[in-house]
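*Asks:* Could you work out the structure for the sequence below:
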Amino acid sequence: MVQRHTRCSTSYCLRKKSNETELKCRFRFPFDHCPKTKLEFEKIHTSGDNEHYRAKIVTKRNDARLNNHQQLQIQGWRANCDIQVLIDHYACVEYLTKYAAKGEPKSPILKQAYNSIVQNVHSNTDPRRVIKKVVMKSLGERDYAAQETMHHLLSLKLHSSSFKVVPVSLNGSRRVRDTASIEEGESCTDYSLLDVYGNRHQYEHELCHEHELCSVC
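*Replies:* The predicted structure is shown next:
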């Protein structure tokens, strides 16, 4: 019941490509009936003259508007759960890239602020003042997705990383050392990470020398 794409509409799935005049479902519904699960090869567009094909699993189906699903999972989840079998790395990378690069929905704040101000100002009002009010009400705010809102309410981290990011200044600036710890002839500034990277060959030579001593010992 929850796995059927019951109808197509322009507000959800019907789209028209630039070189076509007919609206088509972006999920490619309805599908043809298939009496047996099979493997098909789909030709993909490439920049060269060589032909490339991508393998695709066509599952058995007797319902043209039924989503791909896994019976055991949907019995526990009891809601829409689209399942697709990935059999090559290209399909996996394409899927991950699509969702990683997906932008947030357009914000209605500017439109709402404009309509509210226009409806409540006098017809003789200076247009520059109206535009200024619209900008002041809309700038500095953005829409929050449901996931981000729940993370804020539950005090959860918005991101995590397996490595630490260290900011590096590229303008040549250095931290000034405490004058009490500076001996005669020493520099009054500490080496920056840019200096360390510039002298990396020196440190590599020192590490190799230490390694040779350890090997001898």
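*Asks:* in this protein, which spans are helices?
*Replies:* Assignment of helices within the chain using DSSP state H yields the ranges 71-77, 89-100, 109-120, 127-138, 146-153, 193-198, 200-216.
*Asks:* so which of the ones you listed comes closest to residue 28?
*Replies:* The closest approach between residue 28 and any of the helices of the chain, judged by Cβ to Cβ, belongs to helix 89-100 at 15.1 Å. No exception for glycine: its C-beta is placed from N, CA and C like everyone else's.
*Asks:* Just the CA atoms of that closest one, as PDB, please.
*Replies:* What follows is helix 89-100 as a C-alpha-only set of coordinates in PDB (Å, rounded to 0.1, in the frame of the first residue of the first chain):
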ATOM      1  CA  HIS A  89      30.900   1.400  -8.500                       C
ATOM      2  CA  TYR A  90      29.700   4.000 -11.000                       C
ATOM      3  CA  ALA A  91      26.100   3.700  -9.800                       C
ATOM      4  CA  CYS A  92      27.200   4.000  -6.200                       C
ATOM      5  CA  VAL A  93      29.300   7.100  -6.900                       C
ATOM      6  CA  GLU A  94      26.500   8.700  -8.900                       C
ATOM      7  CA  TYR A  95      24.000   8.100  -6.100                       C
ATOM      8  CA  LEU A  96      26.200   9.500  -3.400                       C
ATOM      9  CA  THR A  97      27.200  12.500  -5.400                       C
ATOM     10  CA  LYS A  98      23.600  13.400  -6.200                       C
ATOM     11  CA  TYR A  99      22.600  13.600  -2.600                       C
ATOM     12  CA  ALA A 100      25.800  15.200  -1.400                       C
END
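*Asks:* buried ones in it?
*Replies:* Using 16 or more other Cβ atoms under 10 Å as the burial criterion, none of the residues of helix 89-100 qualify.
*Asks:* any idea of the mean pLDDT in it?
*Replies:* Predicted confidence along helix 89-100 averages 83 (mean pLDDT).
*Asks:* Can you pull out the residues in contact with that helix?
*Replies:* Contacts of helix 89-100 with the rest of the structure, by Cβ atoms under 8 Å, 6 or more residues apart in numbering, involve 54, 86.
*Asks:* so how far is it off the chain centroid?
*Replies:* Distance of helix 89-100 from its chain centroid, counting by Cα atoms, centre = their mean, to the nearest Å, is 11 Å.
*Asks:* who's in contact with residue 64?
*Replies:* With contact set as Cβ under 8 Å, 6+ apart, residue 64 has these partners: 29-33.
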